[in-house]
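In: Sequence and predicted structure below; questions after.
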Amino acid sequence: MNIFRFVVKSLRTRIFCVIFLTGILASVIILFATLVNYEERAVNVNTQEAQTQMRVLANHLITNNYLQDPSSRIISGELDMLSSLYDGRVLIIDDSLKVVRDTYGIAEGKTIISREVVQCLKRGEAGAAARHDRQNGYIEMTTPIIETKSLEGGDIARGVPDKTEQIVRGVMLISISTEPITTTLQILQRKAMIIEIIILAVLFIGSLLIANLVSRPFDRITAAINDVKAGYTNKPIIENAYMETEHIANAFNQLLLREKALDDSRQAFVANVSHELKTPMTSIKVLADSLTAQPDAPVELYRDFMEDITREIDRENQIINDLLELVKMDKQVSALNITQVDVNVLTENVMKRLRPLARRMDVELTFESVRPVTAEVDEVKLSMVITNLVENAVKYNKEHGWVRVGLDADHQYFTLTVSDSGVGIPEEAQEHIYERFYRVDKSRSREIGGTGLGLAITRTAVLMHRGSIEVASTEGEGTTFTVRIPLIHPTGKETRP
Ligand SMILES: Nc1ncnc2c1ncn2[C@@H]1O[C@H](COP(=O)(O)OP(=O)(O)OP(=O)(O)O)[C@@H](O)[C@H]1O
Ligand SMILES: [Mg+2]
């Protein structure tokens with residue numbers, strides 16, 4: 001299985017195979033084409049050479065009148081020489097298809113009826129042909145024996161030559177052996193085989209080297225990632241040998257950055273939690289210490305300090321509850337208890353509870369609903385969202401200020417807006433307000449009693465409903481929070497914020 005994976009899945013093996021096989025194929029094709037080309041050329045050259053000599057001989061035959069009288073020893077000698085030169089056979093055939101001379105001496109006097117011969121007799125020079133019989137290893141050629149006769153009618157004085165007439169008197173048929181070519185071809189084939197083996201070896205080593213070289217950047221990336229994984233380093237990876245490796249490195253570096261940011265925020269969170277939890281503790285300790293330092297303190301002072309201590313304990317309790325709420329929402333992915341909720345009624349109930357606070361701060365609280373809205377939501381969490389937003393709007397307000405809550409819906413979402421005439425949130429602070437423990441004005445928040453967890457809880461609850469929360473604010477003028485939540489909860493599952 002492992003070997004199979006190595007062979008089929010490895011980039012290195014694939015590159016090696018591609019180069020090696022392409023190389024083999026190319027070299028085989030080239031060598032084969034060269035050999036075939038050699039054979040064709042050799043046959044052509046031989047044919048042309050022989051035909052030239054046959055033409056010369058054919059002229060001799062005519063001038064010596066050999067067709068009528070084949071007793072000329074000179075011509076016979078020439079014919080024998082030609083046939084032995086090419087290790088072949090020469091036949092002289094007259095225009096009645098009778099064999100006048102056969103260098104093998106077996107067909108003399110016989111009639112030969114072959115298509116090539118007839119063709120050559122009929123068409124003269126145009127009928128001359130050569131045929132290569134590869135299987136039996138010979139080339140067969142025909143050449144016409146032509147007599148050129150002068151006709152009267154020319155005028156040498158006026159530069160008009162005599163007209164001539166060409167008469168085909170016979171045909172010369174010669175077959176020559178191609179054995180020398182075949183032998184050379186075999187030698188060449190043997191050499192080609194050796195060359196092929198050398199090419200194979202070179203290709204094998206070359207492809208191995210190239211495959212290794214090409215896949216090395218990927219090995220380096222893997223090694224670098226493994227180093228990070230093992231914890232030796234957390235420096236970004238740089239690998240720009242290829243665009244592809246650069247992309248991998250970039251993606252990994254981004255992941256690294258995100259991980260680091262997450263780590264940083266976790267550390268900051270822990271630091272904040274400890275700090276926030278310590279503050280009330282410190283106050284309690286200071287109060288208790290100062291009481292014990294005065295053994296005869298009046299009861300009124302005791303009562304006073306005890307009230308302060310109780311307040312600090314309440315505060316500590318509140319922080320712990322908020323934190324638990326957040327952790328619970330982070331952990332329990334699908335912990336929404338979805339029911340059909342009348343959002344109008346829910347909002348009115350929340351506002352009823354906050355009226356005393358608003359009255360105390362001298363803030364006018366109004367609710368304006370465009371239409372009745374019922375939605376599939378978690379009633380407790382949605383009421384927490386509205387409570388936090390309205391509470392903030394009241395707390396961070398001015399004297400004689402107002403808070404307006406609005407409710408509207410389209411066919412998909414309902415929209416809840418909480419506007420106030422308060423202090424507003426500075427532009428640069430707006431992106432941080434959802435962070436845990438973030439407060440714009442620390443001293444003022446402390447005075448009001450905020451811990452900076454309210455909006456973090458709110459946002460998490462909204463996202464669990466697959467909704468969105470946005471803020472628009474002008475410093476000194478007021479703030480509007482807009483929450484959009486789907487009317488129908490999508491399946492109720494996968495609600496991780
Ligand atoms: N309507 C608002 N107007 C002006 N500032 C606001 C408003 N709402 C929130 N803020 C700012 O954003 C900060 C974060 O708000 P958040 O509700 O998370 O915390 P908190 O109100 O300080 O404490 P908690 O709600 O946990 O008791 C607040 O401290 C405040 O500075
Ligand atoms: Mg708040």
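Out: Happy to help now that I have it. Residues are numbered from 1 along each chain as shown. Ligands and ions are numbered 1, 2, ... in the order given.
In: contacts, neighbours, all on C-alpha from now
Out: OK.
In: Just the terminal-to-terminal distance for stretch 418-425.
Out: Terminal residues of stretch 418-425 lie 14 Å apart, using Cα to Cα, to the nearest Å.
In: since we're on Ile93, how many residues are nearby?
Out: 27 (other Cα atoms under 10 Å).
In: isn't it right up against Gly109?
Out: No - using Cα atoms under 8 Å, Ile93 makes no contact with Gly109, being 9.5 Å away.
In: any shared contact partners between those two?
Out: Val99, Val100 (Cα atoms under 8 Å, 6 or more residues apart in numbering).
In: part of a strand, is Ser419?
Out: Yes - membership of Ser419 in a strand is supported by DSSP: H, G, I helix; E, B strand; the rest coil.
In: ok, now how distant is it from ligand 2?
Out: 14 Å (Cα to the ion, to the nearest Å).
In: Number of residues surrounding that residue?
Out: When neighbours are counted by other Cα under 10 Å, Ser419 comes out with 23.
In: can you check Thr148 too?
Out: As a burial measure, Thr148 scores 13 neighbours (other Cα under 10 Å).
In: Contacts for stretch 132-144 next, please.
Out: Stretch 132-144 is contacted from outside by 43, 47, 51, 54-55, 58, 116-117, 120-121, 124-125, 127-131, 168-179, using Cα under 8 Å, 6+ apart.
In: let's go with 7 Å and repeat that
Out: With Cα atoms under 7 Å, 6 or more residues apart in numbering as the test, stretch 132-144 has contacts from 54-55, 116-117, 120-121, 124-125, 128-131, 168, 170-179.
In: mind giving me the domain split of this structure?
Out: 2-151+161-184, 234-331, 333-486 (automatic domain parsing).
In: Run the chain-centre distance for the first one.
Out: Chain-centre distance of domain 2-151+161-184: 59 Å, with Cα atoms, centre = their mean, to the nearest Å.
In: Show me what the helix or strand hosting Asn317 is packed against.
Out: If you go by DSSP states H and E, Asn317 is part of helix 299-331. When contacts are defined as 3 or more Cα pairs under 7 Å, 6 or more residues apart in numbering; DSSP states H and E, helix 299-331 sits against helix 243-293.
In: The helix it packs on - what's its average pLDDT?
Out: Across helix 243-293, pLDDT averages out at 88.
In: near ligand 1 at all, that helix?
Out: No - on the criterion Cα under 6 Å from any ligand atom, helix 243-293 is out of touch with ligand 1, staying 11.1 Å away.
In: what do you get for stretch 395-407?
Out: Yes - for stretch 395-407 and ligand 1, the contact criterion (Cα under 6 Å from any ligand atom) is met by Tyr396.
In: can you tell me which of the contacts of stretch 132-144 are in strands?
Out: Ala129, Ala130, Arg131, Val168, Gly170, Val171, Met172, Leu173, Ile174, Ser175, Ile176, Ser177 (DSSP state E).
In: List just the nearest of the residues you listed to ligand 2.
Out: Distance to ligand 2, by Cα to the ion, is smallest for Arg131 among the ones in strands among the contacts of stretch 132-144, at 105.2 Å.
In: residues contacting that closest one?
Out: Arg131 neighbours (Cα under 7 Å, 6+ apart): Ile139, Glu140, Met141.
In: what about the first one, neighbour count?
Out: It refers to Ile139. 20.
In: how much space between the residue of the stretch 151-300 of the chain found nearest ligand 2 and Thr183?
Out: Of all residues in the stretch 151-300 of the chain, Glu276 sits closest to ligand 2, at 15.0 Å by Cα to the ion. Using Cα to Cα, Glu276 is found at 101 Å from Thr183.
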